[in-house]
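Participant: Any chance you could fold what I've pasted below:
(one chain, ligands or ions: 1)
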Amino acid sequence: MTNMALELRDVRRTFRQAEQHLDVLRGVDMSLRAGEVVALIGPSGAGKSTLLQLAGLLEKPDAGEVLIEGMPTARLDDSGRTRLRRHSLGFVYQFHHLLPEFTALENVVLPQRIAGQGRGAATARARQLLEELGLAARLGHRPSRLSGGEQQRVAIARAFANGPRVILADEPTGNLDERTASHVLDAFLGFARDHRTACLVATHNIELARRMDRMLRLHDGQLVAA
Ligand SMILES: Nc1ncnc2c1ncn2[C@@H]1O[C@H](COP(=O)(O)OP(=O)(O)OP(=O)(O)O)[C@@H](O)[C@H]1O
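Facilitator: Have a look, this model is predicted:
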C-alpha cells in the first residue's frame, strides 16, 4: 500500500493539429502525499491545465501512468474512471460553476447525492463544510446573492463534499481581487490540512504559491522543483 495520494509516472501528452505536433507534457513525474498542498506554476501555455485534466482522469495521457492512492488508472473503463473521480477526486476552477437555481447548501448536497449518499447525511455534511468555511449565514442563498469570495468558498465546500483524497484546482482564486484571493486561499489551505486532502493547485500568483507546502514548475514539458 502506498501513502501517495496522487502519482504521475512519465506522463506524456501531445496535441496534433494538421501537420503540427505540440508536445505539451514530455515525461511528467510527480508524487503527492496525503494532505500535501503543492503549487503548480509555469507560464501561460506551459501545460498546467492539461496536467490537471490528466491527473483528474478527465483525459487520458498518450503514455505514462496516473495512480490515485496507488491504484493505476490506465486500464479502467469509463464507468470505473467516473466512479473513482466521484469518490476520490475533487475539482475547483477559476469560475465557480455553481448551479444558479440551487442554494449554497443544495450545491454542496448535490454531488453527494449523485455519489449515492442519503439526503439526511448529505445535508448534514454540506452544512458542516459550509459552516467550517464561514458560510453559516449563507446556506440558503443562491450563487447570485453571494460575493465572489463566498461563491468560491461554496465551490471549495462542493469539491470536498465527497471526502476526496485529491483536489485538483485550476486558478482557484484567479477571479478574485488580491485581498479576497488571500482569504479564500487561507480557507482552502486550512481545509486541505484539516481534511488531510492532497491538493495540486495551478496558479500564476507566486505570492500565493509560496504559501503552499512546495512549488513545482512546468518547464519544457517536465516538472522541476521551484
Ligand atoms: N485540446 C487541445 N488541442 C490542441 N492544443 C491544446 C489543447 N489543449 C491545450 N492545448 C495547447 O496546449 C498548450 C498547453 O495548454 P494549457 O491550457 O495546459 O496551458 P496552461 O499552462 O494551463 O496555460 P494558462 O496558464 O494560460 O491557463 C497550449 O499551447 C494550448 O494551446
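Participant: Would you state the secondary structure element containing the residue nearest the centre of the chain?
Facilitator: With distances taken as C-alpha atoms, centre = their mean, residue 168 lies nearest the centre of the chain, 1.9 Å away. If you go by DSSP states H and E, residue 168 is part of strand 166-170.
Participant: ok, then the element right after that strand?
Facilitator: Following strand 166-170 in sequence order, the next helix or strand is helix 178-194 (DSSP H and E).
Participant: now the angle from that following helix to strand 166-170?
Facilitator: 170 degrees (axes from the mean of the first three to the mean of the last three C-alpha atoms, to 10 degrees).
Participant: Next secondary structure after helix 178-194?
Facilitator: Past helix 178-194, the next helix or strand by DSSP H and E is strand 198-202.
Participant: Could you list the paired strands of that following strand along with their orientation?
Facilitator: Using DSSP bridges, the strands paired with strand 198-202 are strand 37-41 (parallel), strand 166-170 (parallel).
Participant: So which of the ones you listed is the most surrounded?
Facilitator: Here the criterion is mean neighbour count by mean count of other C-beta atoms under 10 Å, and of the strands paired with strand 198-202 the winner is strand 166-170, at a mean of 25. C-betas here are computed from N, CA, C, even on glycine.
Participant: got the CA coordinates for it in CSV?
Facilitator: In CSV, the C-alpha atoms belonging to strand 166-170 read as follows (Å, rounded to 0.1, in the frame of the first residue of the first chain):
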residue,chain,number,x,y,z
VAL,A,166,-7.0,14.6,-4.0
ILE,A,167,-8.2,18.0,-5.0
LEU,A,168,-7.2,19.5,-8.4
ALA,A,169,-7.5,23.3,-8.5
ASP,A,170,-7.0,25.4,-11.6
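Participant: need the contact list for residue 136.
Facilitator: residue 130 (C-beta atoms under 8 Å, 6 or more residues apart in numbering).
Participant: still on that earlier bit, any idea what the residue nearest to the centre of the chain is bridged to?
Facilitator: residue 91, residue 200.
Participant: and the gap between it and residue 101?
Facilitator: 26 Å (C-beta to C-beta, to the nearest Å).
Participant: One more: residue 200?
Facilitator: 31 Å.
Participant: Looking at these two now, which is surrounded by more residues?
Facilitator: The residue with more neighbours, out of residue 200 and residue 101, is residue 200; 26 against 10, by other C-beta atoms under 10 Å.
Participant: From the ligand, how far off is that one?
Facilitator: Look at residue 200 and the ligand: by C-beta to the nearest ligand atom, to the nearest Å, they are 12 Å apart.
Participant: likewise residue 67?
Facilitator: In terms of C-beta to the nearest ligand atom, residue 67 sits 21 Å off from the ligand.
Participant: Can you pull the residues of this protein lying near the ligand?
Facilitator: 15, 17, 22, 24, 42, 44-50 (C-beta under 6 Å from any ligand atom).
Participant: As a check, name the ranges of all strands in the protein.
Facilitator: 4-17, 20-33, 37-41, 63-68, 71-72, 89-92, 166-170, 198-202, 214-219, 222-225 (DSSP state E).
Participant: Relative to its centre, which residue of the chain is most distant?
Facilitator: residue 19 (33.5 Å).
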